[in-house]
Each structure stands twice: as C-alpha cells, then as structure tokens.
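Participant: Just to be clear, the model below is a prediction. Sequence and coordinates:
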Amino acid sequence: MAQILDGLKISKEIKTEIRYDVEKIVEGKRRPPHLVAILVGQNGASIAYVNNKIKDCREVGFKSSLVKFPSTVSEAELLEKINELNLSKDVDGFIVQLPLPPQIDQEKIIMAIDPRKDVDGFHPENFGKMALEMDTFLPATPFGILTLLERYQIDTKGKHCVIIGRSRIVGKPMSILMGRKDFPGNSTVTLTHSYTPHIEEFTKNADIVITALGDPNFLKGDMIKQGAIVIDVGITRIEDQSDKGYKLVGDVDFESCKEIAGAITPVPGGVGPMTRAMLMKNTLLAYKTSVYND
Ligand code: L34
C-alpha cells in the first residue's frame, strides 16, 4: 500500500505558517496582504474554487475581495477592472479565475495583469523568469506539487519524471520545474500529450508520474512501475446520487495504483488544497515585495 501524500494536511501547515507571518505584520501596525479574485460566469467548479480561496484568505488573516462578472461581460469591461486593480495601492495581488467565456481572449487578459501582482504566475514575464530559474511567482498548482514533494522528502534527482498534459497552468510549467537545477527538480523529464502514442510505454518507465489531463481514472495500476510516485492533478466532477449531486474523480485510478505506487496523492485532498495554499504564499510574497520596498 502506497504512502498517501496528504495535500490537505500539508496545506494546513503552510496556511498556519502564513498566518503566523501575517500576525507579525499586523502587530507591527501594518495592513494585512490583500488578494482580489475575479470570477466570470456561473461555472460550478470555478465558483467552488474561488469561494475556497476567499475562505483561505480569511484563515490566514488576509484581506480579500471577490469581483463577480456575468458570463456576458465584455473584454473591455474586464480590462478596465484589471487596470484599476493594477493601479490600486491597496491590492497586492489578484487572479482571474480560468476558464473564461469564449468571447474573451484569455491571452489578452493575462497580458494586461501587472506582473508584480500576477500571483498566479501566468504572465509571460513571470513564466519566462520561471523558465530561466529567476525568482518569481510560480504558478500555484506546480508550486503546490513541488512543495508536496519537498515536504515528503521525495527524491527527484536523476529520476525519470513523466508528465501527462501540456497545459499552460500545469503540464508545461511542471515539465520545466522538474528539470530545473534545484530540489525538487533535477529530474529527467518526458512531457507527453494527446499525440503521444502508447503513453503506457512512458509511464511504465517513470519513477514519477504527474497526470494533468482531466480524464477520470485514466492511469491504471498496470501502467506504472512498482514504487512509482504518482501525482494526480486531474479533478473532474461526475454526477451522482449524493447530496452534493456530484463526486470528484482524479486522472488516477486510485484503487489499482495504490497497490503498485510508492506514494500517491488522493483526489480530493491532494493537489487541489496545495494549489490554494501556494496562492496564499504568492500573495504574501507580492505583499512583501511591494509594501516593504515602497
Ligand atoms: N486563474 N484559474 C486561475 N488560477 C488557478 O490556480 C486555477 N486553478 C485551476 C482552474 N482555474 C484556475 C485552480 O485554482 C484548478 N484550480 C483548483 C483550485 C482548488 C481546487 C482544485 C482546483 C480544490 O480546492 N480542490 C479540492 C476540492 C474542491 C471541491 O470540493 O470542489 C480538492 O480537495 O482537490
């Protein structure tokens, strides 16, 4: 039976550390960090994630604001709000929750965010800095995975890491970060995607598998090698008869993989809560680099 990499537990530890930092800031008569989240439309998952982020802010002692727009919002309206947040001295960082409706050009929105307030680490300037191993905001999900590997002291040096999925917020940055000259990192990385034939040929040879494709129960126990580290980023809502009306299912077939893997993240309670904790960490960093250098 694999070791469970408990993202919920580690995320609570991180939030406690941040809370302690914020208490010291406030005791020093300074204002607490302020995160703003922009939510467009009525996507149930997005609403849940953003509400949880606002709750996290309260837990760590941050000020937070939630700005909601209907799904019919125009690009101009969104850009105007972003400009206002860029200029606001009271706002340390903000995020625009993805996905956005089709009439909005996602790249244009991300490009409009002041890189110093881009606590998602999505702006090309921050992505470029990350790729060059310069100090910057790391995107929250990859940052969360690195932190989980670090806290569980998972050896990554010289290991073969296979990533499934090349999205801009998970797969692509993860492939860069696992190969960087640092810990966690120093892995030999293979980035697989929808055009990779026979993905199992790759995953069977992997010491570390990171799945981010959004295909429920895709990775089966017979696709991994004995003792592999399995990180499940996928999180799909599947309708069921429960009170909530759905359950959350990862990309990893937990039942078959847990018998073979050396360590594995659960869904829920794995990478998801870590993503949110790292957003708090990035916001604290944005605060420290703005207020203290004023
Ligand atoms: N701008 N858009 C922007 N930044 C992000 O970092 C995200 N992401 C992804 C989607 N769009 C984004 C998130 O916040 C995915 N994501 C995210 C955040 C939190 C959780 C999952 C994904 C999370 O908290 N997951 C819980 C279950 C939550 C529930 O009940 O639905 C878990 O235990 O996995």
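Facilitator: That came through fine. Residues are numbered from 1 along each chain as shown.

Participant: hey, where'd the helices end up in this protein?
Facilitator: Assigned by DSSP state H, the chain shows helices spanning 7-27, 44-60, 75-87, 106-112, 124-131, 140-151, 171-178, 199-203, 254-257, 271-291.

Participant: Contact residues of the stretch 151-294 of the chain facing the ligand?
Facilitator: Applying Cβ under 6 Å from any ligand atom, we find that the stretch 151-294 of the chain lies next to the ligand at 235, 248, 267-269, 272-273, 275-276. C-beta here means a position set from N, CA and C on the backbone, and glycine is covered the same way.

Participant: Make a markdown table out of these and add neighbour count and pLDDT.
Facilitator: Formatted as a markdown table, those follow (neighbours: other Cβ atoms under 10 Å; pLDDT from 0 to 100):
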| residue | neighbour count | pLDDT |
| --- | --- | --- |
| 235 | 20 | 97 |
| 248 | 18 | 97 |
| 267 | 22 | 98 |
| 268 | 14 | 97 |
| 269 | 17 | 98 |
| 272 | 25 | 98 |
| 273 | 23 | 98 |
| 275 | 25 | 98 |
| 276 | 22 | 98 |
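
Participant: Any chance of CSV for the residues you listed, columns distance to residue 184?
Facilitator: CSV is the format used below for these (distance: Cβ to Cβ, whole Å):
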residue, distance to residue 184
235, 22
248, 25
267, 20
268, 23
269, 20
272, 19
273, 18
275, 16
276, 20
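
Participant: circling back to that earlier point, now the helices of the chain in JSON lines, with distance to residue 263?
Facilitator: Listed next are the helices of the chain as JSON lines, based on distance: least, Cβ to Cβ, whole Å:
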{"stretch": "helix 7-27", "distance to residue 263": "12"}
{"stretch": "helix 44-60", "distance to residue 263": "25"}
{"stretch": "helix 75-87", "distance to residue 263": "39"}
{"stretch": "helix 106-112", "distance to residue 263": "33"}
{"stretch": "helix 124-131", "distance to residue 263": "25"}
{"stretch": "helix 140-151", "distance to residue 263": "9"}
{"stretch": "helix 171-178", "distance to residue 263": "16"}
{"stretch": "helix 199-203", "distance to residue 263": "15"}
{"stretch": "helix 254-257", "distance to residue 263": "11"}
{"stretch": "helix 271-291", "distance to residue 263": "13"}
